[in-house]
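# Provide a 3D model corresponding to the input given below.
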Amino acid sequence: MKQQAKSFSLALDKIVLFLVVLYLVIPLGATLVFGLNDGSRFNIGVLTQVFSDGDFSKTLLLSLGLAIASTLIAVVLITPTAYWVQLRLPQARPLLEFLSLLPFAVPPIVLSLGYLEVFGDSHTWIDVLSLGLVPLLSNEPFTIVNTPQLLIFAYVVIALPFIYRPIDNSLRALNTRVLSEAASNLGCGWWRTFLTIILPNIWPGVISAALLTFSTAMGEFTIAVLSGIYTFPVYLNQIGQGDAHQAALLTIMSFLITLLCVLGILVLVRSRTQGKGQTVEIGGGR
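Residues are numbered from 1 along each chain as shown. The predicted structure is shown next:
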């Protein structure tokens, strides 16, 4: 009886998995068919038009560069900050959680116009609060106004909800205080403890946060178009206004490129983790 129930449960799981795969694959397949169909027959020549367009590679490389830079900056800023707050200043966790949710409340249009206002015509109180960073980046030769670098700041902000939550959950699953105190008793400094003990144990959460940030930055459209930066989503929208078939192919290619980048990162991280062996797992920290 138990064997039959187990077999039925396994078969049901396979059916559900198959339906989920169909739900995800059918729209992509339909988009691909539409992109290769010129109305009467399949036309592979559309692919040649896509690859021969100079703006395709230019905007794609720009978006990839912005996504990678935003991901690296966000991970470097948020990961040690979350660890420090949990270890030394747990009272500030509610403030960090509130700040990480703010991008959901602020529309991208408002965020974009705010960045243009701050870096385009900064005021004295903004200069003071930014510790001189805003005036430095608002004037030559370090100005980022109307440059792709401006988008990096915006992408880091809009990615806060996606990068903070996985890292915070991973840290809360560890007894960071016990691990840190043990490392300190053995002579490890703060940064060495973080890099060699804490970071390897929260690595899956960091990778999840990085992938979410990368995907968000690759597909962001509103801030880029309002800032006048010609990224791949802006290019895709422009093509879609004139040629829906070519836009459909570009959509599939954008999805595949992002998927390949994500899979490449996962394979690289998994091989590196397996090569270093297992990490210490101590639960119970809150």
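# contacting residues for residue 66?
148, 151, 152, 155, 217, 231 (C-beta atoms under 8 Å, 6 or more residues apart in numbering). Placement of C-beta: from N, CA and C, glycine included.
# Next secondary structure after the helix or strand containing it?
Secondary structure assignment for residue 66, by DSSP states H and E: helix 54-88. Once the chain leaves helix 54-88, the next helix or strand it forms, by DSSP H and E, is helix 93-105.
# Helices of the stretch 151-286 of the chain, residue ranges please.
Ranges of helices in the stretch 151-286 of the chain, per DSSP state H, counting those that start in this stretch, are 160-172, 176-185, 190-193, 199-201, 203-219, 222-227, 232-242, 244-276.
# for the second one, packing partners?
Meaning helix 176-185. On a contact count with 3 or more C-beta pairs under 8 Å, 6 or more residues apart in numbering; DSSP states H and E, helix 176-185 meets helix 54-88, helix 190-193.
# Kindly report the same for the fifth one.
For helix 203-219, the helices and strands in contact under the criterion 3+ C-beta pairs under 8 Å, 6+ apart are helix 54-88, helix 148-158, helix 160-172, helix 232-242, helix 244-276.
# at 7 Å instead, please
With contacts defined as 3 or more C-beta pairs under 7 Å, 6 or more residues apart in numbering; DSSP states H and E, the packing partners of helix 203-219 are helix 54-88, helix 160-172, helix 244-276.
# which parts of it are buried?
Buried residues in helix 203-219, defined by neighbour count with 16 or more other C-beta atoms under 10 Å: 203, 205-219.
# okay, the helices and strands packed on helix 176-185 in CSV with mean pLDDT next?
Converted to CSV, the helices and strands packed on helix 176-185 look like this (pLDDT from 0 to 100):
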stretch, mean pLDDT
helix 54-88, 90
helix 190-193, 87
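# Need those in CSV (columns: distance to residue 19).
Formatted as CSV, the helices and strands packed on helix 176-185 follow (distance: least, C-beta to C-beta, whole Å):
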stretch, distance to residue 19
helix 54-88, 32
helix 190-193, 46
